[in-house]
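model the following, please.
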Amino acid sequence: MKCLILAAGYATRLYPLTENFPKPLLKVGEKTILDWLLDDISSSGEVDGYIVISNHRFVGHFNDWASSHRLPITVLDDGTSSNETRLGAVCDMLFAVEKLGIDDDILVIAGDNVLDFSLTSFLNYAKAKNTSCTMRYYEKDEKKLRKCGIAEADSNDLLLCLEEKPENPRSHWCTPPFYYYKREDAAKIRDAIADGCGTDAPGSLVSWMCKHTAVHSMEMPGNRYDIGNLESYQAVCKYYKGITK
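Sure thing, here's the model as predicted:
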């Protein structure tokens, strides 16, 4: 299995911290955000290669970080240099898959979140279901729902639909940016884009995928901390205790 890390954003809401530095490499406690994620994923023993997809402005920072890392990490430069010219998450995924000729199951993660539970539980769930998979968590705040990918699943966790940032959310189930794609589904990304799949938000691919193949949605067993602005970053630095579940 390969792990694709989406890290080509510009984090403009975190300026000045991220004006010249990538958000995933900011420290939370004694480790970078990205190291919290990769240290956990590597403990599963399921992943044999990590691919960080960066923009051109920050690629040097990721190369420096990767060069001293013990894990097999490849850093890719998607060639963009501004928030206005970014490719979008789905196009970045396609870029990585085709650039490296990836023909494997893939775990796709956003590189700017930390979790208080191990992603091993998610990988075990995906193996048991033997389908592509997402996670979901309950969100009661209507305003927050309008900024998320909203999932509907049946009683067996089969994902019925996912809608990105709906004006009128049809459920209270949000989908965090952690996805598992089976090899045969990862090979469909170009077809999805050609068929009109949105390319900015990573959940847009899931939205397309669940209409064409079985996708299951695991209820998240803990909490996710999205580092979106200075206030949320300061709060995570103050309160985050690492993986506790």
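
would you mind measuring from residue 199 to residue 174?
Residue 199 is 20 Å from residue 174, where distance means C-beta to C-beta, to the nearest Å. Every C-beta, even on glycine, is put in place using the N, C-alpha and C of the backbone.

who has more neighbours, these two?
Applying other C-beta atoms under 10 Å to residue 199 and residue 174 shows that residue 174 carries more neighbours, namely 23 against 19.

how about the strands in the protein?
Residue ranges of the strands in the chain, as given by DSSP state E, are 2-7, 27-28, 31-32, 49-54, 73-77, 106-110, 113-115, 132-138, 149-153, 159-164, 173-175, 178-181, 215-219, 224-226.

let's have those in a markdown table, adding mean pLDDT and distance to residue 189.
Compiled in a markdown table, the strands of the chain are given as follows (pLDDT from 0 to 100; distance: least, C-beta to C-beta, whole Å):
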| stretch | mean pLDDT | distance to residue 189 |
| --- | --- | --- |
| strand 2-7 | 97 | 11 |
| strand 27-28 | 95 | 31 |
| strand 31-32 | 96 | 28 |
| strand 49-54 | 97 | 13 |
| strand 73-77 | 97 | 15 |
| strand 106-110 | 97 | 10 |
| strand 113-115 | 93 | 22 |
| strand 132-138 | 96 | 12 |
| strand 149-153 | 92 | 17 |
| strand 159-164 | 93 | 16 |
| strand 173-175 | 94 | 18 |
| strand 178-181 | 97 | 9 |
| strand 215-219 | 97 | 14 |
| strand 224-226 | 88 | 24 |
